[in-house]
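Asker: got a predicted structure here, sequence first:
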Amino acid sequence: MSGYRNLSALNGYAPIIVPSGGVSVKTGKFNGVKSKCEIYHKDYLTECDFYTDVLTINNVEKEKIIGENQSGSTAENARFTRQVLMPKALVPKQKLYAVKTFMQGDA
């Protein structure tokens with residue numbers, strides 16, 4: 001069990017899932033898995049590679065995953081995801097964004 005709850009339920013919720021993310025703009029690489037390294041232990045090149053693995057390990061069908069692996073920021077995630085979907089004539093009616101928050105510098 002991975003610890004991510006009910007990801008297989010996404011199979012009934014979303015017709016497609018787009019994990020989006022390239023490498024860090026600060027380091028120029030994927031900064032690695034922060035937890036559950038015993039489950040997610042591959043040498044991931046991008047955030048997209050990692051998130052795709054999380055989804056498939058948690059029973060989301062590969063056919064429902066369309067990855068975007070070029071973005072380096074949240075704004076690029078949205079822009080590049082749209083570019084990935086357009087040639088496939090996919091126009092989302094609803095979107096769900098899962099992002100992490102962080103603080104830069106000292107408060």
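Answerer: That came through fine.

Asker: okay, the residue minimising distance to the centre of the chain: pLDDT?
Answerer: Residue closest to the average C-alpha location in the chain (Cα atoms, centre = their mean): residue 19, at 2.7 Å. According to the prediction, residue 19 has pLDDT 91.

Asker: how about it, nearest residue that isn't a chain neighbour?
Answerer: Leaving aside its sequence neighbours, residue 19 sits nearest to residue 51 (Cβ to Cβ, 6 or more residues apart in numbering; 3.4 Å). C-beta: built from backbone N, CA, C; applies to glycine.

Asker: does the one you found touch residue 18 like I think?
Answerer: No: with contact defined as Cβ atoms under 8 Å, residue 51 does not count as touching residue 18 (9.4 Å).

Asker: re the thing from before, can you pull the contacts of the residue nearest to the centre of the chain?
Answerer: Contact partners of residue 19, counting by Cβ atoms under 8 Å, 6 or more residues apart in numbering, are 47-48, 51-52, 54-55, 65, 67-68.

Asker: hmm, try it at 10 Å
Answerer: Counting by Cβ atoms under 10 Å, 6 or more residues apart in numbering, residue 19 touches 46-55, 60, 65-69, 77, 81, 98.

Asker: ok, residue 21 next?
Answerer: 30, 46-51, 67-74, 76-77, 80-81.

Asker: lowest-scoring secondary structure element of the chain by mean pLDDT?
Answerer: Sorting the helices and strands of the chain by mean pLDDT, DSSP states H and E puts helix 10-13 at the bottom, at a mean of 59.

Asker: quick one: the strands in the protein?
Answerer: Remark: no strands are assigned in the chain by DSSP state E.

Asker: residue 69 - nearest residue in space that isn't next to it in sequence?
Answerer: Leaving aside its chain neighbours, residue 69 sits nearest to residue 48 (3.8 Å; criterion: Cβ to Cβ, 6+ apart).
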